[in-house]
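Asks: Got a sequence here, can you build the structure:
(one chain, ligands or ions: 1)
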Amino acid sequence: MKPLGPIPAGYAALGGVLAVDGTKVTELVEQAGSTPLFVYSSALIRARVASLRAAMPEQLALHYAVKANPFGPVIALLAELVDGFDIASGGELAMVQAAGIAPQRVSFAGPGKRDAEIEAAIAAGVTLNLESEGEASRALAIADRLGLTPRLAIRVNPEFDLKGSGMKMGGGAKPFGVDAARVPALAREVIAAGAEWRGFHIFAGSQALDAGAVIETQAQTLALAAQLARESGAALPHLNLGGGFGIPYFPGDLPIDVTRIGQALAKAFTSLPEELSQTRFCLELGRYLVGEAGVYLTRIVDRKESHGEVFLITDGGLHHQLAASGNFGTVVRRNYPVAIASRFDAPVAEEASVVGCLCTPLDRLADKGGFPRAEAGDLVAVFCAGAYGASASPSAFLGQGPAAELLI
Ligand SMILES: *Cc1c(COP(=O)(O)O)cnc(C)c1O
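Replies: Presented below is the predicted three-dimensional model:
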């Protein structure tokens with residue numbers, strides 16, 4: 001048997017069935033009318049934001065990276081809970097606008113912004129995190145044509161990366177941001193052109209579980225920002241410190257110690273270099289805020305044996321949960337937390353693989369895990385489905401179409 005990932009806190013059995021916020025998932029599926037279904041818990045999202053706020057220095061603003069989960073009701077809920085929103089496309093801009101979020105709370109990073117996206121962002125008053133000198137000239141020209149003052153920040157490609165992070169976004173040659181050495185010249189140019197200067201965005205990696213690595217990266221980020229501000233010859237109004245807080249997906253993963261990070265940051269804030277004494281700081285987080293608050297529910301359609309192995313074949317699959325299948329940025333396939341939701345407190349009785357309904361061997365949601373005996377009609381839960389699930393999976397593959405989504 002292969003181990004399964006750790007089921008996040010906050011899920012319990014009710015009459016033998018997995019419950020989310022005190023409601024059985026069988027009832028939630030009935031309410032939604034079909035499987036597969038993503039259920040997101042507003043109580044778990046609220047609790048996560050509250051405990052994070054309690055751990056972090058008060059003056060640190062909290063931003064949500066919309067790409068983790070752009071479901072409208074989730075954005076609307078977070079609009080009440082966080083200070084800012086980081087978007088990465090014109091499509092996400094439209095989503096935050098539809099949620100009625102004030103443009104002053106929004107910043108737009110992402111390489112390859114089209115002219116039309118830059119124009120929409122400037123017209124709305126959203127901060128652009130410039131990813132290159134070329135993008136800076138396009139933004140300035142577009143703002144000039146519109147007769148508007150653009151709000152501009154520079155995304156810095158630092159020389160360091162977040163150690164142990166699942167996805168490295170800084171260090172060496174990267175399509176993201178402007179190499180640190182060229183940032184002061186660009187900052188001077190943008191400021192001289194009359195833009196509203198919004199400072200730096202330094203994002204060094206993602207999915208880190210080691211607080212020590214995050215603390216080290218944040219210290220490097222503060223030092224780099226101070227140096228670049230000095231070399232730019234301008235006060236730094238704002239610094240986006242990045243984020244990268246991970247969640248435990250796999251066997252042996254432990255939650256990140258945000259209390260330690262908050263303490264280190266509070267200490268750093270008491271002895272900031274002169275260049276950062278007037279700066280406002282934010283963290284931008286995606287999966288840490290919403291990932292563990294979501295569960296993907298799919299129904300077993302068939303149970304079969306092949307060469308002595310049991311396969312539980314579901315009506316869902318990698319077209320909704322690409323990451324759980326191991327095909328979204330993982331090197332070695334390991335099991336996500338997966339359970340038989342309709343027999344949530346039953347003991348392990350057999351080894352089985354949970355697969356999807358797609359005609360590809362890649363479509364495996366759990367490989368040789370230990371489960372209670374399950375039959376066609378039972379519900380399977382894939383946890384950690386609140387981020388990079390519905391919107392980061394190829395739902396058009398094999399004509400399957402998207403899963404239903406529900407925020408409760
Ligand atoms: C993807 C991304 C995030 C969110 O990453 P998480 O791992 O979900 O927290 C934040 N900032 C930037 C710039 C990103 O590209």
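Asks: Which strand or helix spans W197?
Replies: If you go by DSSP states H and E, W197 is part of strand 196-201.
Asks: who does that strand pair up with?
Replies: Note on strand 196-201: by DSSP bridges, its sheet partners are strand 151-157 (parallel), strand 238-243 (parallel).
Asks: And the helices in the stretch 301-408 of the chain?
Replies: Counting by DSSP state H, counting those that start in this stretch, one finds no helices in the stretch 301-408 of the chain.
Asks: so how far is F71 from the closest residue to the ligand within it?
Replies: When scored by C-beta to the nearest ligand atom, the stretch 301-408 of the chain has A387 as its residue closest to the ligand, at 5.7 Å. To be clear about C-beta, it is placed using only N, CA and C from the backbone, and glycine gets the same treatment. Per C-beta to C-beta, to the nearest Å, A387 is found 11 Å from F71.
Asks: more neighbours, those two?
Replies: Neighbours were tallied for A387 and for F71 using other C-beta atoms under 10 Å; the higher tally belongs to A387 (26 against 21).
Asks: List the buried residues of the longest helix seen in the chain.
Replies: Longest helix in the chain by number of residues (criterion: DSSP state H): helix 211-232. Residues of helix 211-232 classed as buried by neighbour count (16 or more other C-beta atoms under 10 Å): 211, 213-218, 220-222, 224-226, 228-229, 231-232.
Asks: hang on, the earlier thing: between the strands paired with strand 196-201, which one is closest to the ligand.
Replies: Closest of the strands paired with strand 196-201 to the ligand is strand 238-243, at 4.8 Å (criterion: C-beta to the nearest ligand atom).
Asks: residues in contact with the residue lying closest to L276 once chain neighbours are set aside?
Replies: Closest residue to L276 apart from its sequence neighbours, by C-beta to C-beta, 6 or more residues apart in numbering: A226 at 5.4 Å. Contacts of A226 were listed using C-beta atoms under 8 Å, 6 or more residues apart in numbering, and they are 236, 272-276.
Asks: Quick check: end-to-end length of stretch 321-328?
Replies: One end of stretch 321-328 to the other measures 9 Å (C-alpha to C-alpha, to the nearest Å).
Asks: what's the answer for stretch 233-247, then?
Replies: End-to-end distance for stretch 233-247: 39 Å, by C-alpha to C-alpha.
Asks: With adjacent residues omitted, what lies nearest to I154?
Replies: L130 is the one closest to I154 (C-beta to C-beta, 6+ apart), at 5.0 Å.
Asks: What is the burial count for the one you found?
Replies: Neighbourhood size, L130 [other C-beta under 10 Å]: 32.
Asks: coming back round to it: quick one: is the longest helix of the chain near the ligand?
Replies: No - applying C-beta under 6 Å from any ligand atom, one finds helix 211-232 out of contact with the ligand, separated by at least 11.4 Å.
Asks: One more: stretch 292-307?
Replies: No - legend: contact between stretch 292-307 and the ligand by C-beta under 6 Å from any ligand atom is lacking; minimum distance shown is 12.0 Å.
Asks: how about that stretch: buried residues?
Replies: For stretch 292-307, a neighbour-count test (16+ other C-beta under 10 Å) marks 292-300, 303 as buried.
Asks: Can you show me the CA trace of it as CSV?
Replies: Taking Å, rounded to 0.1, in the frame of the first residue of the first chain, the C-alpha atoms of stretch 292-307 are listed here in CSV:
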residue,chain,number,x,y,z
GLU,A,292,-7.3,23.2,2.3
ALA,A,293,-10.8,24.7,2.3
GLY,A,294,-11.8,22.8,-0.8
VAL,A,295,-12.7,19.2,-1.5
TYR,A,296,-13.4,17.6,-4.8
LEU,A,297,-16.2,15.0,-4.7
THR,A,298,-16.6,12.4,-7.4
ARG,A,299,-18.8,9.2,-7.6
ILE,A,300,-17.6,5.7,-8.2
VAL,A,301,-19.1,4.5,-11.4
ASP,A,302,-17.4,1.1,-11.6
ARG,A,303,-15.4,-1.2,-9.4
LYS,A,304,-13.2,-3.7,-11.1
GLU,A,305,-10.2,-5.9,-10.7
SER,A,306,-7.3,-6.4,-13.1
HIS,A,307,-4.4,-8.8,-12.4
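Asks: Any residues of the stretch 101-250 of the chain in contact with the ligand? List them.
Replies: 109, 203, 206-207, 243.
Asks: show me what contacts F269?
Replies: 57, 59-60, 281.
Asks: what's around the closest residue to G233 other than its chain neighbours, how many residues?
Replies: With C-beta to C-beta, 6+ apart as the criterion, G233 has its nearest non-adjacent residue at 6.6 Å, and that residue is R188. Residues lying near R188 (other C-beta under 10 Å) number 14.
Asks: so what's the backbone phi/psi at R188?
Replies: phi -60, psi -40 (degrees, to the nearest 10).
Asks: Relative to C359, how far out is A352?
Replies: Noted for A352: a distance of 20 Å to C359, by C-beta to C-beta.
Asks: neighbour count winner among these two?
Replies: More neighbours surround A352 than the other of A352 and C359, with 25 against 8 (other C-beta under 10 Å).
Asks: wait, what's in contact with the residue nearest to that one when sequence neighbours are not counted?
Replies: For A352, ignoring the flanking residues on the chain, the nearest one in space by C-beta to C-beta, 6+ apart is V310 at 4.0 Å. With contact taken as C-beta under 8 Å, 6+ apart, V310 is in contact with 303-304, 350-353.
Asks: So what touches stretch 145-155?
Replies: Stretch 145-155 is contacted from outside by 107, 109, 119, 122-123, 125-131, 136, 139-140, 142-143, 176-178, 183, 186-187, 190, 194-203, 238, 240, using C-beta under 8 Å, 6+ apart.
Asks: Kindly recompute the last result at 6 Å.
Replies: The contact list for stretch 145-155 (C-beta atoms under 6 Å, 6 or more residues apart in numbering) reads 109, 122, 127-131, 139, 143, 177-178, 183, 186-187, 190, 195-196, 198-201.
Asks: what's the span of it from first residue to last?
Replies: For stretch 145-155, the end-to-end distance is 24 Å (C-alpha to C-alpha).
Asks: likewise stretch 346-357?
Replies: End-to-end for stretch 346-357, by C-alpha to C-alpha: 25 Å.
Asks: mind listing what's buried in that stretch?
Replies: 352-357.
Asks: And for stretch 256-271?
Replies: Across stretch 256-271, burial judged by 16+ other C-beta under 10 Å covers 256-258, 261-265, 268-269.
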